[in-house]
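Participant: this one's structure only:
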């Protein structure tokens, strides 16, 4: 299971355990109607969205991914294979989708980004130190921006001529929740 789904399940179990205590506590204090109203309110307003949130990562399909790529300014029509999707955060949603793509498809996306005048190369948009941490050496990085979508392109080089893997990260919105991580790894 993905970490976001595990966190949602744990949070849901804790809230389910607390609902009877809240109900009986208010009932013992003499607030019978308030006990019922508060318990049902907590259940319907808190629990149902949390359960729905827990299954979002299970319901993210190839069509949703193609819609997200289209909103990011990249119209992709090829076949996409989603390996995993992890959605975490309730207020500030963060989504990471790992998929397998052919090298030619990754190069097509990068070429489309580089030739489209709507995209702006903006190296200061994302902090590469925060993105890559201590693994920043032996990597080539470029950033692109289209409206409120930000794209970080990373190549991991095994030497000056051999690309070990390539990775595209898409971020969307002001708080930059991760729209998807598209990885194409070729190990030599």
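Facilitator: Yes, it's here. It should be emphasised that the depicted structure is a prediction, and the values quoted were computed from it without experimental measurement. Numbers count the residues shown, from 1 in each chain.
Participant: contacting residues around residue 64?
Facilitator: Residues near residue 64 by C-beta atoms under 8 Å, 6 or more residues apart in numbering: none. All C-beta atoms are positioned from the backbone trio N, CA, C, and that covers glycine.
Participant: Quick check: it vs residue 30, distance?
Facilitator: 50 Å (C-beta to C-beta, to the nearest Å).
Participant: So residue 43 is in contact with residue 18, correct?
Facilitator: No: Residue 43 is beyond contact range of residue 18, at 10.6 Å (criterion: C-beta atoms under 8 Å).
Participant: Residue ranges of each domain in the protein, please.
Facilitator: The record's domain parsing of the chain by automatic domain parsing lists 3-56, 60-185.
Participant: Worst mean pLDDT among those?
Facilitator: Mean pLDDT across the domains of the chain is lowest at domain 60-185; the value there is a mean of 63.
Participant: What residues sit buried inside stretch 27-38?
Facilitator: 35, 38 (16 or more other C-beta atoms under 10 Å).
Participant: okay, how far is it across it, tip to tip?
Facilitator: Stretch 27-38 has an end-to-end distance of 11 Å (criterion: C-alpha to C-alpha, to the nearest Å).
Participant: what comes into contact with that stretch?
Facilitator: Here stretch 27-38 has contacts from 22-26, using C-beta under 8 Å, 6+ apart.
Participant: Go through those residues and name the one nearest residue 106.
Facilitator: Distances from residue 106 to the contacts of stretch 27-38, taken as C-beta to C-beta, are shortest for residue 22 (51.6 Å).
Participant: Thanks again, I'm all set now.
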